[in-house]
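Asks: Need the 3D shape of this:
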Amino acid sequence: MSDLMVRRTDPGEVVGPAEPVAAAARGEWARHVEPVVQSLQARFGSAVEPELIRTEVAAEFAAYSAAPVRDFIPILVEARVRSRLLRMAGRGAVL
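Replies: Below you'll find the model as predicted:
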């Protein structure tokens, strides 16, 4: 998600880049965020901070807010975040 991206979630509410976690947590994806976070935490264990996983998952869900087909979005989110975390770990980033 771009730092310049701004999207509307509810009429009159503008969500900018500083709020993807809160927006996903209170939006339509709220019930899907935690299962994906838990699955990724099980995969990465203590190698990745839980808050980093939660932030990445919420930001990825926010990127799909306008998707017309939504059935497989939790699967796509998990795969994309897993891939991103693996790339970060491969570059030696502190996770």
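Asks: So which residues of this structure form strands?
Replies: Assigned by DSSP state E, the chain shows strands spanning 7-10, 13-15.
Asks: Show the average pLDDT along the longest one.
Replies: When you say that, I think you mean strand 7-10. In this model, strand 7-10 has a mean pLDDT of 45.
Asks: ditto for stretch 56-73
Replies: 90.
Asks: Report the buried residues of that stretch.
Replies: Using 16 or more other Cβ atoms under 10 Å as the test for burial, stretch 56-73 gives 56-65, 73. Glycine gets a C-beta too; all of them are placed from N, C-alpha and C.
Asks: Stretch 74-81 now?
Replies: For stretch 74-81, by 16+ other Cβ under 10 Å, it's 74, 77-78, 81.
Asks: I'd like the residues you listed as TSV, with distance to residue 37 appended.
Replies: Output for the buried residues of stretch 74-81, formatted as TSV (distance: Cβ to Cβ, whole Å):
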residue	distance to residue 37
74	11
77	10
78	9
81	9
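Asks: which strands and helices sit next to the longest helix along the chain?
Replies: Criterion DSSP state H: the longest helix present in the chain is helix 73-90. Using 3 or more Cβ pairs under 8 Å, 6 or more residues apart in numbering; DSSP states H and E as the contact test, the elements touching helix 73-90 are helix 30-44, helix 50-63.
Asks: relative to helix 50-63, how tilted is it?
Replies: Per axes from the mean of the first three to the mean of the last three Cα atoms, to 10 degrees, the angle that helix 73-90 makes with helix 50-63 is 130 degrees.
Asks: which residues sit against helix 73-90?
Replies: Applying Cβ atoms under 8 Å, 6 or more residues apart in numbering, the set of residues contacting helix 73-90 from outside is 29, 32, 35-36, 39-40, 43-44, 47-48, 52-53, 56-57, 60-61, 64, 67, 95.
Asks: again with stretch 27-42
Replies: Contacts for stretch 27-42 (Cβ under 8 Å, 6+ apart): 9, 24-25, 48, 50, 53-54, 57-58, 61-62, 64-65, 73-74, 77-78, 81-82, 85.
Asks: could I have that stretch exported to CSV, CA atoms only?
Replies: Extracted C-alpha coordinates of stretch 27-42, given in CSV (Å, rounded to 0.1, in the frame of the first residue of the first chain):
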residue,chain,number,x,y,z
GLY,A,27,-14.1,-2.6,9.2
GLU,A,28,-15.6,-5.4,7.3
TRP,A,29,-12.4,-7.5,7.5
ALA,A,30,-12.3,-7.4,11.3
ARG,A,31,-13.3,-11.0,11.8
HIS,A,32,-10.7,-12.2,9.2
VAL,A,33,-7.6,-10.4,10.6
GLU,A,34,-7.0,-12.4,13.7
PRO,A,35,-7.2,-15.9,12.1
VAL,A,36,-4.7,-14.9,9.5
VAL,A,37,-2.4,-13.3,12.2
GLN,A,38,-2.6,-16.5,14.3
SER,A,39,-1.8,-18.7,11.3
LEU,A,40,1.3,-16.5,10.4
GLN,A,41,2.4,-16.5,14.1
ALA,A,42,2.3,-20.3,14.1
